[in-house]
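Participant: have a look at this prediction, sequence included:
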Amino acid sequence: MKTDVIVIGSGPGGSSVAKRCAKAGKKVVIADRLFGGVCALRGCTPKKAMESVTSAYWKAKDMEKAGFPTLSEAIDWSKLAAHKSKFTTTVPAKTKSNFKEAGIRVIEGTAELIDPNTVVVDGKKIIAETIVIATGAKPRHIDIPGNEYMLNNDQFFALDNITNHVTIIGGGYIAFEFAHIMAACGVHVTILSNEEMPLGAFDPDLVNNLIQATLAKGVDVKLGYEAISIEHVEGEYIVKSKRSDGETFDFKAGLVIHAAGRVPNIDKLGLDNLKIKLNNRGGIETNKFLQISNHPNIYALGDVTGKLPFTEIASYEAKIVTHNILEKRRKSVDYTGMPIGVFTYPSLCMVGKTEEELKKEKVDYLVMASSNRSSFTERVHLNTFARYKTLVHKNNNKILGASLIGIHAEEVINLYAMAIQQGITATNFNSQLFQYPTAGNSAKYFL
């Protein structure tokens, strides 16, 4: 079979490239083992469906102090799981149907690159002018005895019922998000993070606020605990861990969840056949146009590059890749002002540069940082875990970075993202008219 473009992977990035190229008149084939991608099936979408319910629960618990009826029961996991399934069950079928309606050839199976223009999908050979790799990421392998007892995020979202005690191995955003969800369902959760300060991409002062908010929900957060083995004894799991001083600790649980990071999903792609290089993050190395340097007709985007593992990045890179396939004058990527967040209650978000990055770049900057628990938005929601830190260029007054934890932080951060992307100064930002009383209006007072 011959085609103009073959896309490997049907997540938001791969889907966008396929549809845009097909609309432009290209003959397109898309291949995947399970259609829909990680975000739609076992990532952002099911997580947000569940977190929207559990965050409402935590908000209601806070509001009990202001007269909201006391909640005597936790969230019913089985009902929550059924709610989540409304957003995921039909995704594979709908995804394939949408491709076919767009005139895109759908092939199910695992793809392997044979040469710069040939891909084999479960025995079917496809010859293409352009190849786009968008296979996403998968759970990182944890090489400890008993690792087969861990559930990954795929299995977590497939649970119809939940045990009353869960141990999470890992201290990243998935660990904290899962912990807040399960704790609202009455589960006693233990987080085992091998790092003394988790969530390294975020400001440690704000991470500390999130840790305190997590502890307040009954989650046991263990920092600096490295899991070294898992045993299954008399119907329960025992996770053995050790600290840096060598002392060991045992944690019992009915389930053990893997949340210790994800890595690019590349092991079955046959990259060695084409001598495709990997970067220092274990992902496919690309140039600024998202091309593989020694094979410029092959592009890679999204989590498979190991750069920025976020859905919006994959969608943005898809636009760049599509442009570079269709147009002679190429575009390069620019990730300036990309916000990221941890969808807990309250949420922790950031955008732009960190202090560490600015110091390395020798940029003169000003810091505005404080607890924000006294702001109107936080007070009316009775949230005591609120803080901000904003960074402004000392000379030109442009906003360089912002970090927030608090009510609606996941929305407020978008204002700072827009300001950074557009090069807006702190003075101009402060002069904007935002609706009051809203969390967005408070953003003016963080500069």
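Facilitator: Right, received. Where do you want to start?
Participant: please make it C-alpha for all contacts and neighbour counts, starting now.
Facilitator: Will do.
Participant: for Asp364, list the residues it contacts.
Facilitator: Leu358, His393, Lys394, Asn395 (C-alpha atoms under 8 Å, 6 or more residues apart in numbering).
Participant: I meant Arg262, not that one.
Facilitator: By C-alpha under 8 Å, 6+ apart, the neighbours of Arg262 are Ala137, Lys138, Pro139, Arg140.
Participant: quick check: phi and psi on it?
Facilitator: Dihedral pair for Arg262: phi -130, psi 150, per degrees, to the nearest 10.
Participant: name the element Thr54 belongs to?
Facilitator: In this structure, Thr54 sits in helix 44-63 according to DSSP states H and E.
Participant: over to Ile320?
Facilitator: Counting by DSSP H and E, Ile320 is found in helix 311-326.
Participant: could you list the buried residues of that helix?
Facilitator: 311-325 (16 or more other C-alpha atoms under 10 Å).
Participant: just stretch 90-104 next, same as before
Facilitator: Buried residues in stretch 90-104 (16+ other C-alpha under 10 Å): Val91, Pro92, Thr95, Lys96, Phe99, Gly103, Ile104.
Participant: again with stretch 419-433
Facilitator: Of the residues in stretch 419-433, Ala419, Ile420, Gln421, Ile424, Thr425, Ala426, Phe429 count as buried by neighbour count, 16+ other C-alpha under 10 Å.
Participant: what's in contact with that stretch?
Facilitator: Counting by C-alpha under 8 Å, 6+ apart, residues outside stretch 419-433 touching it are 336-337, 352, 392, 396-401, 444-445, 447.
Participant: rewinding a little: among the contacts of Asp364, name the buried ones.
Facilitator: By 16+ other C-alpha under 10 Å, the contacts of Asp364 give Leu358, His393 as buried.
Participant: in strands only, show me the contacts of Asp364.
Facilitator: Counting by DSSP state E, the contacts of Asp364 place His393 in strands.
Participant: can you add pLDDT and distance to Asp115 and give the contacts of Asp364 back as CSV?
Facilitator: Listed next are the contacts of Asp364 as CSV, based on pLDDT from 0 to 100; distance: C-alpha to C-alpha, whole Å:
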residue, pLDDT, distance to Asp115
Leu358, 96, 43
His393, 98, 48
Lys394, 97, 52
Asn395, 96, 52
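Participant: show me the buried residues of stretch 90-104 that map onto helices.
Facilitator: Among those, the members falling in helices (DSSP state H) are Val91, Pro92, Thr95, Lys96, Phe99.
Participant: quick one: the strands in the stretch 101-250 of the chain?
Facilitator: Using DSSP state E, counting those that start in this stretch, the strands of the stretch 101-250 of the chain run over 105-108, 111-115, 118-121, 124-133, 137-139, 165-169, 188-193, 220-223, 226-233, 236-242, 248-253.
Participant: reformat those strands as TSV; add distance to Tyr388, mean pLDDT and mean neighbour count.
Facilitator: Formatted as TSV, those follow (distance: least, C-alpha to C-alpha, whole Å; pLDDT from 0 to 100; neighbours: other C-alpha atoms under 10 Å):
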stretch	distance to Tyr388	mean pLDDT	mean neighbour count
strand 105-108	47	97	17
strand 111-115	45	97	20
strand 118-121	49	98	19
strand 124-133	38	98	20
strand 137-139	31	93	18
strand 165-169	28	98	24
strand 188-193	24	98	24
strand 220-223	23	98	18
strand 226-233	30	97	17
strand 236-242	34	97	19
strand 248-253	35	97	16
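Participant: let's have those in TSV, adding distance to Ser78.
Facilitator: Output for the strands of the stretch 101-250 of the chain, formatted as TSV (distance: least, C-alpha to C-alpha, whole Å):
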stretch	distance to Ser78
strand 105-108	31
strand 111-115	36
strand 118-121	37
strand 124-133	36
strand 137-139	25
strand 165-169	16
strand 188-193	17
strand 220-223	24
strand 226-233	25
strand 236-242	21
strand 248-253	20
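Participant: any idea which of those strands gets closest to Cys44?
Facilitator: Among the strands of the stretch 101-250 of the chain, strand 137-139 comes nearest to Cys44, with 13.3 Å by C-alpha to C-alpha.
Participant: closest to the centroid, which residue in the protein?
Facilitator: The centre of the chain sits closest to Phe310, judged by C-alpha atoms, centre = their mean, with a distance of 4.9 Å.
Participant: is it in contact with Asp303, as I believe?
Facilitator: Yes - look at Phe310 against Asp303 with C-alpha atoms under 8 Å: they come within range, at 7.3 Å.
Participant: right, I'll leave it there.
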